[in-house]
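Student: could you look at this predicted model? Sequence included:
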Amino acid sequence: MKKILAITNQKGGVGKTTTSVNLAASLAATQQRVLLIDLDPQGNATMGSGIDKRTLARTVYHVLLGEADIREARVNSASGHYDVVPANRELAGAEIELVDIEHRETRLKTALANIEGEYDYVLIDCPPSLNLLTVNALCAAQAVLIPMQCEYYALEGLSDLVQTVKKVRTHLNPQLEIEGLLRTMYDPRNTLAQQVSAQLQQHFGDKLYRTVIPRNVRLAEAPSHGVPALGLDKASKGAQAYLALAGEMLNRAAAAI
Ligand code: ATP
Ligand code: MG
């Protein structure tokens, strides 16, 4: 497995799921073998990949509780050309049920070992909180990809997240790194966005992706069709931005070798 990335930010609605789905599709379009794990009981990444969350016999919930092998739960997204370990509301119960289970923080990591070598990228779409589900993602991942909107409170939230990453690194997963910060729903004409952007550049330097994701209606529309924006309108600014992000990630990975 080349890279396992947790796509995370405890702040809601910043574009985690949009990034998970569209980055998965963009990496798949460049011939990468991709697995997307939906770790949010909202099941938005599942639905956005064209998989009906209401009709699933096996989901990530069963995988975390050891009731199913990850291979039994995964399904192919025909619209995105990647595999998905789906989620639905049942996953909300896992948080409570996991508490009494041994090695509760590393259930996902252990499950992923069964498919070692089958994918080039594993993307984990996290819920908007720092709960046990997110901790499972942070233990399984090599790195975190942080989508964020360039708003006033974004920086404050970011320092909480960075602290959490440090804590997980100390206690649970020493290899965990910050892969990158991604500016989402970006409006270059907005002065505040420019200021926050400059601060991010100053604090995080190379960790800030050069690619920015603009606000684009196709990205917002695509989930209702169960397709990534690439499948809906390849020429759209949103689809092109996520293709550029995939390119930037692959270039970075190649430069690191
Ligand atoms: P949650 O914290 O609830 O899981 P999230 O961080 O996964 O949310 P998304 O669901 O990806 O965020 O995005 C929130 C909303 O913003 C959605 O309605 C989505 O369609 C829309 N959206 C995300 N990115 C863009 C964009 N670049 N342009 C336009 N709309 C966007
Ligand atoms: Mg989401």
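Tutor: Structure received. Ligands and ions are numbered 1, 2, ... in the order given.

Student: the stretch 51-200 of the chain: strands as residue ranges?
Tutor: If DSSP state E, counting those that start in this stretch is used as the criterion, the strands of the stretch 51-200 of the chain fall at 75-77, 82-85, 121-125, 143-148, 177-186.

Student: and the fourth one, what's buried?
Tutor: Residues 143-148 are the ones in strand 143-148 that count as buried (16 or more other C-beta atoms under 10 Å). The C-beta positions use only the backbone N, C-alpha and C, and glycine is treated the same way.

Student: quick one: pLDDT of A154?
Tutor: The model reports A154 with a pLDDT of 85.

Student: what does M1 give?
Tutor: With respect to pLDDT, M1 has a value of 54.

Student: same check on D40?
Tutor: Residue-level confidence at D40 comes out at 98, pLDDT.

Student: picking up where we left off before, the strands of the stretch 51-200 of the chain: which one's closest to ligand 2?
Tutor: With C-beta to the ion as the measure, strand 121-125 is the member of the strands of the stretch 51-200 of the chain nearest ligand 2 (6.0 Å).

Student: name the helices or strands packed onto that closest one?
Tutor: strand 3-7, helix 16-29, strand 34-38 (3 or more C-beta pairs under 8 Å, 6 or more residues apart in numbering; DSSP states H and E).

Student: closest to V84 out of these?
Tutor: With respect to V84, and counting by C-beta to C-beta, the nearest of the helices and strands packed on strand 121-125 is strand 34-38 at 4.9 Å.

Student: and the angle from the helix ranked longest in the chain to helix 16-29?
Tutor: Scanning the chain for the helix with the most residues, using DSSP state H, yields helix 237-256. Taking axes from the mean of the first three to the mean of the last three C-alpha atoms, to 10 degrees, one finds that helix 237-256 is oriented at 70 degrees with respect to helix 16-29.

Student: CA atoms only: put helix 237-256 into PDB for me.
Tutor: Provided in PDB are the C-alpha atoms of helix 237-256 (Å, rounded to 0.1, in the frame of the first residue of the first chain):
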ATOM      1  CA  LYS A 237     -13.500  23.900 -12.600                       C
ATOM      2  CA  GLY A 238     -14.200  21.600  -9.700                       C
ATOM      3  CA  ALA A 239     -13.300  18.400 -11.500                       C
ATOM      4  CA  GLN A 240     -10.200  20.000 -13.000                       C
ATOM      5  CA  ALA A 241      -9.100  21.300  -9.600                       C
ATOM      6  CA  TYR A 242      -9.300  17.800  -8.000                       C
ATOM      7  CA  LEU A 243      -7.400  16.300 -11.000                       C
ATOM      8  CA  ALA A 244      -4.700  19.000 -10.400                       C
ATOM      9  CA  LEU A 245      -4.600  18.000  -6.700                       C
ATOM     10  CA  ALA A 246      -4.100  14.300  -7.600                       C
ATOM     11  CA  GLY A 247      -1.300  15.400 -10.000                       C
ATOM     12  CA  GLU A 248       0.300  17.500  -7.300                       C
ATOM     13  CA  MET A 249       0.100  14.600  -4.800                       C
ATOM     14  CA  LEU A 250       1.600  12.100  -7.300                       C
ATOM     15  CA  ASN A 251       4.400  14.600  -8.100                       C
ATOM     16  CA  ARG A 252       5.200  15.100  -4.500                       C
ATOM     17  CA  ALA A 253       5.300  11.300  -3.900                       C
ATOM     18  CA  ALA A 254       7.600  10.800  -6.900                       C
ATOM     19  CA  ALA A 255       9.900  13.600  -5.700                       C
ATOM     20  CA  ALA A 256      10.100  12.000  -2.300                       C
END
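
Student: name the residues of it that are buried.
Tutor: In helix 237-256, counting by 16+ other C-beta under 10 Å, buried: 238-246, 249-250.

Student: how near is whichever residue of the stretch 51-200 of the chain sits closest to ligand 1 to R252?
Tutor: Per C-beta to the nearest ligand atom, P128 is where the stretch 51-200 of the chain lies closest to ligand 1, at 3.3 Å. In this view, P128 and R252 are 26 Å apart by C-beta to C-beta, to the nearest Å.
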